[in-house]
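Asks: A structural model of the following input is requested.
(chains A and B)
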Amino acid sequence: AQRVTQPEKLLSVFKGAPVELKCNYSYSGSPELFWYVQYSRQRLQLLLRHISRESIKGFTADLNKGETSFHLKKPFAQEEDSAMYYCALNAGNMLTFGGGTRLMVKP
Amino acid sequence: NAGVTQTPKFRVLKTGQSMTLLCAQDMNHEYMYWYRQDPGMGLRLIHYSVGEGTTAKGEVPDGYNVSRLKKQNFLLGLESAAPSQTSVYFCASSYPGQGGLAGDLYEQYFGPGTRLTVT
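Replies: This is a model prediction of the structure:
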């Protein structure tokens, strides 16, 4: 069965510091991974997907099949990045989500 | 274009009562999903539908039923509510993958959520 693990429930950094939100997965098939974000009082929305290999709002994520990881990174955190972040794995017709990491960026 | 809407936004039920949550989307999406969100557990899929008239079980289907009589609506029912069903419920919708291939999802669009408390 597929599984997504986000080991940190809370990550607190200062503005301008680098950020790395960890995501590890287990899946027997070819993985398709996503990061979703939920800002305060807003809906959950897609941040990025690994197949696009794009940078959104300064965030990037690289799929490492050897380490079965898909960590989300940003070199310089901004206060507006404070939100709940979920890593998700495509498994057939559905997404399996991790437990989420709350990112707090302090001024 | 309202996207995905959910009704109601909040509800308090007593144990044993029943209710139906309504999800509606105006994007002509084939796929629709119901999740529950609990602290530390992320989003867990309850049921989903890949088209009008079809439904399938997700990770945590027990105690819930669903129906997809119209393409734009996906209903989640609780026949006999229990305190363990206190949660925030999210609906989502998406297109199928390119060419309709299974396992190739486009972005899921989420509703604003329904906060349900069962006392």
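Asks: quick one, longest strand in chain A?
Replies: In chain A, with assignment by DSSP state E, the single longest strand is strand A:83-91.
Asks: Mind giving me the packing neighbours of that one?
Replies: With contacts taken as 3 or more CB pairs under 8 Å, 6 or more residues apart in numbering or on different chains; DSSP states H and E, strand A:83-91 sits against strand A:3-5, strand A:32-38, strand A:94-97, strand A:101-106. (Each C-beta comes from the backbone N, C-alpha and C, glycine too.)
Asks: quick one, what contacts A:Leu21?
Replies: When the contact criterion is CB atoms under 8 Å, 6 or more residues apart in numbering or on different chains, the partners of A:Leu21 are A:Gln6, A:Glu8, A:Leu11, A:Trp35, A:His71, A:Leu72, A:Lys73, A:Tyr85, A:Cys87, A:Thr101, A:Leu103.
Asks: ok, back up a step: of all the residues in the longest strand of chain A, which ones are buried?
Replies: A:Ala83, A:Met84, A:Tyr85, A:Tyr86, A:Cys87, A:Ala88, A:Leu89, A:Asn90, A:Ala91 (16 or more other CB atoms under 10 Å in any protein chain shown).
Asks: What residues does A:Leu95 make contact with?
Replies: Residues near A:Leu95 by CB under 8 Å, 6+ apart: A:Phe34, A:Ala88, A:Leu89, B:Tyr33, B:Leu45, B:Leu105, B:Gln108.
Asks: for chain A, which spans come out with low pLDDT?
Replies: A:93 (pLDDT under 70).
Asks: Residues of it that sit close to chain B?
Replies: Applying CB under 8 Å from any CB of the partner chain, we find that chain A lies next to chain B at A:4, A:6, A:9, A:29, A:32, A:43-46, A:49, A:86, A:90-100.
Asks: how about the residues of chain B near chain A?
Replies: Counting by CB under 8 Å from any CB, chain B comes close to chain A at B:31, B:33, B:35, B:40-45, B:48, B:50, B:56, B:58-59, B:90, B:92, B:102-105, B:107-108, B:110-113.
Asks: From start to finish, how long is stretch A:77-87 in a straight line?
Replies: One end of stretch A:77-87 sits 18 Å from the other (CA to CA, to the nearest Å).
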